[in-house]
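A.B. asks: Sequence and predicted model, in that order:
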Amino acid sequence: MHRSDPPSPKVTFMKRRVLNSNEHATRAFAHPSRRDFLKVAVCGAAGLGGIPLLTAQSAQALPTVPIGPYRVTRLISGFNPQFGYSHATPLLNQFMLDYFSDQQVVKYMLACEKAGINTWQSNYRASPQRQIPLIREAGCKMNWICLADPWRGSGNENGSLDEIEATKKCAWHARKLNPVGIAYHGMLTDQRWAAGTLDPVKRFIDYVHDLGCPAGISTHIPAVIEYLESKNWAVDFYMACFYRVSRSPQDFVKEIGVETVGEAYLASDPERMIKVIRQTGRTCLAFKILAAGRKCQSPEEVRGAFQYAFKNIKPTDATIVGMVPKFSDQITENVRAVSEITAEGALAQGK
């Protein structure tokens, strides 16, 4: 068998032994030649650009929710900013890429962990393939959720595999890094939904379970979750976008009678997604709760967006939020907001 071919899995998700944090650290990559790089990253993690961070003691208030046998914090770090995906303008994309050098990504991850965030989410394209070993070598033990797609780490660069098989191959590569969950990419999900061909994605879910990992599906369309719930697929978690950013120009014309310039966010979208989030008993990871930075005009607006999200999603759900701590300590600010808002919510429910 060729080394690049994923072997037939011989274990099931239910039989998988959960690794503890020490085992994760033991299995981390080791590249002594990067020692100087990591020394700079670790020393710089005490503050990003001189920004103070929450102490470990104050960070313990972040609650957690289940994904399979794992517990993830209700604030998960999203990685769009690190990859230059601003969902806004090419100029902002470039700013993000310039800021998040590999060294800065390591500093950022260590800062998130120190603040109390125990999980991050990303795809597995070129940047994370290069950066994840550096993150682990620096001593970061945060959980990783992989958003699988067929474009990198999959052997599909030449288009030789179909989408499902290529995404499965990406999952096989990612599984070597012990993710706590692997999800099918939201844009692919939405494209299949529009084409009326969502059922083949079940092959991906079954394969991820055979790899011994919790399996999820990401989507921007509430009807997708409704459909999957009606089919009772063995999905462990959903990644649910507050805004339907996958609308085509034709979708906008059909829904609101106009075609937009660029990516548009409809204020009515979150209510629709929240409805299906609350109807499923499965863990949902809500993302783009800040409308890709559009609801960040003031600290009050940011906190209001967090309050809206946690007031409306289930207590067993979490949020994925991208952060760029260049001009303010967004890590500390967001951790504090989530800690306080979830504590207020638990108190109101008498817990």
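C.D. replies: The structure has been received and is ready for your questions.
A.B. asks: contact partners of the host helix or strand of residue 230?
C.D. replies: Using DSSP states H and E, residue 230 maps to helix 222-231. For helix 222-231, contacts defined as CB atoms under 8 Å, 6 or more residues apart in numbering pick out 189-190, 193, 198, 217, 219, 235, 238, 240, 272-273, 275-277, 279-280. The C-beta positions use only the backbone N, C-alpha and C, and glycine is treated the same way.
A.B. asks: Out of those residues, grab the one that's most surrounded.
C.D. replies: residue 219 (29 neighbours; other CB atoms under 10 Å).
A.B. asks: Who is that residue paired with across the strands?
C.D. replies: Legend: beta-bridge partners of residue 219 under DSSP bridges are residue 240.
A.B. asks: okay, it: pLDDT?
C.D. replies: If you check residue 219, the pLDDT there is 97.
A.B. asks: Now do it against residue 282, distance only.
C.D. replies: Using CB to CB, to the nearest Å, residue 219 is found at 13 Å from residue 282.
A.B. asks: Overlap in contacts, those two.
C.D. replies: residue 238.
A.B. asks: Below-threshold pLDDT in the chain: ranges please.
C.D. replies: Residues of the chain that meet the criterion pLDDT under 70 lie in 1-60, 152-161, 346-348, 350-351.
A.B. asks: and if we set it to 80?
C.D. replies: 1-61, 84, 88, 151-161, 262, 345-351 (pLDDT under 80).
A.B. asks: Would you map the helices across the stretch 201-350 of the chain?
C.D. replies: Taking DSSP state H, counting those that start in this stretch, the helices of the stretch 201-350 of the chain run over residues 201-210, 222-231, 249-256, 269-279, 299-312, 330-348.
A.B. asks: Which elements pack onto the last one?
C.D. replies: When you say that, I think you mean helix 330-348. For helix 330-348, the packing partners by 3 or more CB pairs under 8 Å, 6 or more residues apart in numbering; DSSP states H and E come out as strand 75-78, helix 102-115, helix 299-312.
A.B. asks: That helix: which residues count as buried?
C.D. replies: Across helix 330-348, burial judged by 16 or more other CB atoms under 10 Å covers 330, 331, 332, 333, 334, 335, 336, 337, 338, 339, 341, 342.
A.B. asks: All set, thanks.
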